[in-house]
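Enquirer: let me see the structure of the following:
(one chain, ligands or ions: 1)
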Amino acid sequence: MDWKILNIKNSYLEKISRAKSLNELDEIYLTLFGKSGEITLLPKNFSELSKEDLSKIGPLFNRVKTELEKAIDDRREKVRESVYKQLKDEELELEEGSIKKRKGHLHPITALNEEIANLGKKIGFQQFSAPHIDSDYYNFEGLNIPYGHPARDLWDTLYIDHPEKYGFKEGQLLLRTHTSNAQIRIMKELKLPIRIMVIDRLFRFENLDARHEHTFDQFEIVYVDKGVSMANLQYLSEYFLKHIFGKDIKVRLRPKYYPFVEPGAGVDGECIFCKGKGCKICGGVGWLELAGAGMIHPFVLNMGGIDPEKYSGLAWGFGPFRMAMLKYGVEDIRLFNSGDLRFLERF
Ligand code: PHE
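Expert: I've put the predicted structure just below:
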């Protein structure tokens, strides 16, 4: 019996000293002291021993039992210490900056809008804002686009349900389709001469593709004074576009119809993707339309309470999303609103 006890002791002390994890030690503990553990079962045979043998084996058994328990406890302590040490080393590594810090930045459109606002401020233009949800009057009617006018098709529109709740008739409350909804308010509310810019969001029921979004921004200028002419419009187009794109950008003005300006112009920038040859992004034209502009129509000046015989004005609206496409070489306008970090990290 005594060699059996000593055998258990030696083989287990060896196993315990080699154990590397707390789990391993738990297993060893169970094989010794569990319900049918080797140490647990041993005393079952003690009844067969003579009194003399028992007086030797009993104390030996108790000593070995305590020794093994202590060996397991001590080893547990050692294993714990080495795990802590390992964690601490890893912690030190973290402190040394092995993980890259991620730095946020402004959305490219927000940054561009700020740049535009600063350019406008330098030449005396101040910012103005108008509602995103607006009436048919400010968005269409007052801008010389009466109900049923074919030009409304240009701005396929999102109407607000149950307008009667807000005191409007069916079809008369909508998400504004351009920042031009600010024009009449600007003229009514401010004193002449007027030098205003509106940089804000608008919404259209649009057929989406690489050049068309349903929700985007516009930058609009309203400039009313005595003697304002197309020459001012030409100057402003060049001032903004050359500052934003650099001196080399090719800009063209071409006649274009908008009911609220006369004459009206489209302002195009040469497509940087194909260098004017025509590609998928510019729709094969070689140019991307960046702005609509023109001399404010006498009808609209009248709506704004300004005498068209004495004053003239220009309005100019362009799209920062389209500009950002050209400036940063973005091939699909929908990326800006996508919230896709892989895209935003490009800036
Ligand atoms: N509001 C027009 C549009 O959304 C742009 C524009 C602004 C045209 C001012 C002329 C004058 O397309």
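
Enquirer: so where is this structure shaky, pLDDT-wise?
Expert: Scanning the chain for pLDDT under 70 picks out the ranges 91-99.

Enquirer: and the helices in it?
Expert: Taking DSSP state H as the criterion, the chain contains helices spanning 2-18, 22-33, 38-41, 51-95, 108-122, 136-139, 183-189, 230-245, 298-303, 320-328, 341-344.

Enquirer: now those in TSV, with mean neighbour count and distance to G284?
Expert: Every C-beta, even on glycine, is put in place using the N, C-alpha and C of the backbone. Shown next, in TSV, are these (neighbours: other C-beta atoms under 10 Å; distance: least, C-beta to C-beta, whole Å):
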stretch	mean neighbour count	distance to G284
helix 2-18	14	76
helix 22-33	15	68
helix 38-41	16	86
helix 51-95	13	54
helix 108-122	16	26
helix 136-139	20	31
helix 183-189	20	33
helix 230-245	17	22
helix 298-303	18	34
helix 320-328	22	16
helix 341-344	12	25
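
Enquirer: for the ligand, which of the ones you listed is the nearest?
Expert: helix 183-189 (7.7 Å; C-beta to the nearest ligand atom).

Enquirer: show me how far that closest one is from its chain's centre.
Expert: Relative to the centre of its chain, helix 183-189 is centred 34 Å away, using C-alpha atoms, centre = their mean, to the nearest Å.

Enquirer: what sits up against that helix?
Expert: With C-beta atoms under 8 Å, 6 or more residues apart in numbering as the test, helix 183-189 has contacts from 128, 130, 138, 142-143, 194, 196, 198, 220, 222, 224, 260, 296, 300-301, 303-306, 313, 315.

Enquirer: list the contacts for F205?
Expert: Counting by C-beta under 8 Å, 6+ apart, F205 touches D156, T157, L158, H214.

Enquirer: what two of those have the greatest distance between them?
Expert: Maximum pairwise distance in the contacts of F205, criterion C-beta to C-beta, is 11.0 Å, between T157 and H214.

Enquirer: shared neighbours, those two?
Expert: Contacts common to T157 and H214, judged by C-beta under 8 Å, 6+ apart, are R204, F205.

Enquirer: what's the closest non-adjacent residue to R252?
Expert: Setting aside the residues directly before and after it, R252 is nearest to D268 in space (C-beta to C-beta, 6 or more residues apart in numbering), at 5.0 Å.

Enquirer: meant to ask about G266, not that
Expert: K256 (3.7 Å).

Enquirer: shouldn't that neighbour be in contact with A291?
Expert: No: using C-beta atoms under 8 Å as the test, K256 is too far from A291 to be in contact (9.8 Å).

Enquirer: so if I had to pick from these two, which one is more boxed in?
Expert: A291 (27 against 17; other C-beta atoms under 10 Å).

Enquirer: residues contacting S229?
Expert: Counting by C-beta under 8 Å, 6+ apart, the residues that S229 touches are M295, S312, L314.

Enquirer: would you mind measuring from it to the ligand?
Expert: 15 Å (C-beta to the nearest ligand atom, to the nearest Å).

Enquirer: how near is that residue to L119?
Expert: Applying C-beta to C-beta, to the nearest Å, the value for S229 to L119 is 21 Å.

Enquirer: around the ligand, pick out the residues from this protein.
Expert: Applying C-beta under 6 Å from any ligand atom, one finds that the chain approaches the ligand through H178, S180, E220, Y258, V261, G292, A293, G294, A315, W316, G317.

Enquirer: give me the nearest residue to the residue in the stretch 1-150 of the chain that the ligand sits nearest to, chain neighbours excluded.
Expert: Per C-beta to the nearest ligand atom, L143 is where the stretch 1-150 of the chain lies closest to the ligand, at 8.3 Å. Once flanking residues are discounted, L143 sits nearest to F260: 4.0 Å by C-beta to C-beta, 6+ apart.
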